[in-house]
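Trainee: model this:
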Amino acid sequence: MAGLHRTLCIVMVLAALAGCDRSQQPNTRATEPPAPVVNVEWTKYVDDFVESYFRANPSFAVWQGRHEFDGQMPDWSAEGIKKEIARLEQMRARAVGFDDDSLMPEERFQRDYVVSRIDNDLFYLREARQPFTNPAWYLNAGLDPSTYVNTPYAPADQRARAFIAYVKQVPGALNHIKSNLELPLPRTFVDFSVKSYGGFAEFYRNDVPQAFAEVPEELKKELAEAIEPAAKAIEEFARWLESQRANANDAYALGPERFAAMLRMTENVDVPLDRIEAIGRADLERNLAALNEACKRFAPGAKIEECVARMNADKPEGGAVAGARAQLETLRKFLLDHDIVSIPGIEEAKVEEAPAYRRQNFAYINIPGAFEKELPSVYYIAPPDPNWSRAEQEAYVPGKADLMFTSIHEVWPGHFLQFLHSNRSSWRFGQLFVGYAFAEGWAHYSEELMIEHGIAATQPELHVGQLLNALLRNVRYMCAVGLHTQGMTVAQCEQMFKEKAFQDAGNARQQAARGTYDPGYLNYTMGKLMIRKLRDDWAGSRGGRQAWKQFNDEFLSYGGPPVPLVRSQMLPGPAGELF
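Mentor: Purely as a prediction, here's the structure:
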């Protein structure tokens, strides 16, 4: 592994012991002070943490581009999970053992960043116990083989052999998952998992052979022999999950204490839940009022529902995938023409249809990891569920204006641009570990940023599209709080998506269910609000709007820690309120 780089400030320009404010200019003097002493033990610790993390999570290492881990899978036995919790607790104790006096200001920030990452994992493993309660946890923890199949990091035959090594372990991994899961399961978990795990069998049998069509015949035969036992095992597992539907329940809620712990341990947000709820509701009302005004410009005299329907009736030519492809060049040019944020590279994102096992949300982007070089990113868009009615399938495809802000969120200047920055962070840890609220908060913030820079100035329907995306995230926020702390039902959440976010039936159903197994999906709005507040506070003493590009670039330079940690760096001293 390349050596971990020093980060965040030029070493000889420390910000007067108060923190690392890169907005300040260097103090040019005839004689520079001596460079501070690097804490070698801290650097060794971070190296050790990263390498031990890769060994414990080899699928994560592979995605990041460390291909000596190809074909390996995590130990998902109950004993293996227990050992991983113990490893994280030990690494945390070592990290907090580096006191402030032994570290430079930037190293203190790094320590807090590392601890936050450890706490994030400990919450889901120890507090929420997701390996034992949520089948979906495994999908993102190492079961997804898409790196081998869809990322051309090596010749096809090399990747095929890595996939073979992976897929041979799938039946054993499924046995661990089945043994771990505590019954009964919430019915929304069953619904999601049956579709997702069942989709793997289709992916193995159809997508994988197509991806490796050029490999030698002997390797194709070996591939087919490895795939079929795994496909049968995963079909059997999906049937077992389906059999749990009869006894499924609605016991998905974390409860107020664990929900508050989630905010604290995963995002460094320690704010009373009633305040959290009020913050989200205020932003929902702000966006509903803005939609009312936008509709007066776009569809004068029409009701809100009619305005939304008119916007959504203008579908992208050729479908959502083709429509998104056409939008990306326009968006990149808008960023450059309006000098909104730096684009640190020439990389582009492709647009493709989502694979069968990843269609429980409309769109996502797969971005190569920090150790990969010159590989494409892929913005995936899911087709509607073929089991839905024809009307629901047609409604699921968004209008052009709505799709535009999905493309903004996923690519320009959302996730794709954010990872172009994080993958160039001067500290390797910041390249590897990007948090939920940082990533989704930035992507959601970028949607409103484009409105602020005038992308809808002559096309009011675009503002309607942006606000629909904002309201979708607002309702996610409210449902996360409601489902997990206030006794909200899935049906009530689904209705809220229809009434407050103006979602079609299919999307409303998917989004309400997601809130039960992804309680952190409030992070889209929560992250956005923390970023906007930080921008206002930071730019207020730097010329206001004219400093926004500088703010955007500096914010993205930190990699992806919890937003409160970025706030502590960009506003040294008393940092003020998060919201």
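Trainee: Quickly list the domain ranges of the chain.
Mentor: 40-128, 151-247, 262-570 (automatic domain parsing).
Trainee: With mean pLDDT, mean neighbour count and distance to residue 141 as new columns, can those domains be given to me in a markdown table?
Mentor: C-betas here are computed from N, CA, C, even on glycine. What follows is those, written out as a markdown table (pLDDT from 0 to 100; neighbours: other C-beta atoms under 10 Å; distance: least, C-beta to C-beta, whole Å):
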| stretch | mean pLDDT | mean neighbour count | distance to residue 141 |
| --- | --- | --- | --- |
| domain 40-128 | 97 | 18 | 7 |
| domain 151-247 | 96 | 17 | 10 |
| domain 262-570 | 96 | 20 | 13 |
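Trainee: a markdown table for those domains, including distance to residue 134?
Mentor: Formatted as a markdown table, those follow (distance: least, C-beta to C-beta, whole Å):
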| stretch | distance to residue 134 |
| --- | --- |
| domain 40-128 | 8 |
| domain 151-247 | 6 |
| domain 262-570 | 6 |
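Trainee: Those domains: which one's closest to residue 135?
Mentor: Proximity to residue 135, assessed across the domains of the chain by C-beta to C-beta, is greatest for domain 151-247 (3.9 Å).
Trainee: Next, please give the residue ranges for the helices of the stretch 51-200 of the chain.
Mentor: 58-64, 78-96, 105-122, 130-133, 137-138, 146-150, 156-167, 170-180, 187-202 (DSSP state H, counting those that start in this stretch).
Trainee: separation between residue 98 and residue 88?
Mentor: 17 Å (C-beta to C-beta, to the nearest Å).
Trainee: Who are the packing partners of the helix or strand encompassing residue 463?
Mentor: Residue 463 is part of helix 460-485, with elements assigned from DSSP states H and E. Packing partners of helix 460-485 (3 or more C-beta pairs under 8 Å, 6 or more residues apart in numbering; DSSP states H and E): helix 256-267, helix 273-298, helix 304-313, helix 400-410, helix 436-452, helix 490-500, helix 505-517, helix 523-539.
Trainee: Quick check: next helix or strand after the last one?
Mentor: Translated: helix 523-539. Assignment by DSSP H and E places the next element after helix 523-539 at helix 548-556.
Trainee: Please save the CA atoms from that following helix in PDB.
Mentor: Taking C-alpha atoms only, helix 548-556 is exported to PDB below (Å, rounded to 0.1, in the frame of the first residue of the first chain):
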ATOM      1  CA  TRP A 548     -19.100  29.700  -2.500                       C
ATOM      2  CA  LYS A 549     -16.800  28.100  -5.000                       C
ATOM      3  CA  GLN A 550     -13.900  28.300  -2.500                       C
ATOM      4  CA  PHE A 551     -16.200  26.800   0.200                       C
ATOM      5  CA  ASN A 552     -17.300  24.000  -2.100                       C
ATOM      6  CA  ASP A 553     -13.700  23.100  -3.000                       C
ATOM      7  CA  GLU A 554     -12.500  23.200   0.600                       C
ATOM      8  CA  PHE A 555     -15.400  21.200   1.900                       C
ATOM      9  CA  LEU A 556     -14.800  18.400  -0.600                       C
END
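Trainee: tilt between whichever helix or strand comes after it and helix 105-122?
Mentor: Next along the chain after helix 548-556, taking DSSP H and E as the criterion, comes helix 563-570. Helix 563-570 and helix 105-122 meet at an angle of 180 degrees, taking axes from the mean of the first three to the mean of the last three C-alpha atoms, to 10 degrees as the criterion.
Trainee: Give me the distance from helix 563-570 to the chain's centre.
Mentor: Put simply, helix 563-570 sits 19 Å off its chain's centre (C-alpha atoms, centre = their mean, to the nearest Å).
Trainee: ok, now stretch 346-364?
Mentor: Counting by C-alpha atoms, centre = their mean, stretch 346-364 comes out at 13 Å from the chain centroid.
Trainee: Mind checking which residue lies nearest the centre of the protein?
Mentor: residue 436 (5.1 Å; C-alpha atoms, centre = their mean).
Trainee: Spatially nearest residue to it (excluding sequence neighbours)?
Mentor: residue 523 (4.5 Å; C-beta to C-beta, 6 or more residues apart in numbering).
Trainee: ok, that neighbour to residue 238 distance?
Mentor: 29 Å.
Trainee: Please apply the same query to residue 64.
Mentor: Taking C-beta to C-beta, one finds residue 64 at 29 Å from residue 238.
Trainee: And for residue 356?
Mentor: 12 Å.
Trainee: now swap in residue 48 and tell me
Mentor: 39 Å.
Trainee: what does residue 149 give?
Mentor: Counting by C-beta to C-beta - residue 149 and residue 238 are separated by 20 Å.
Trainee: One more: residue 84?
Mentor: From residue 84 over to residue 238 (counting by C-beta to C-beta), the distance is 26 Å.
Trainee: Kindly report the same for residue 71.
Mentor: In terms of C-beta to C-beta, residue 71 sits 24 Å off from residue 238.
Trainee: got it, and residue 516?
Mentor: Counting by C-beta to C-beta - residue 516 and residue 238 are separated by 19 Å.
Trainee: Nice, that's everything, thank you.
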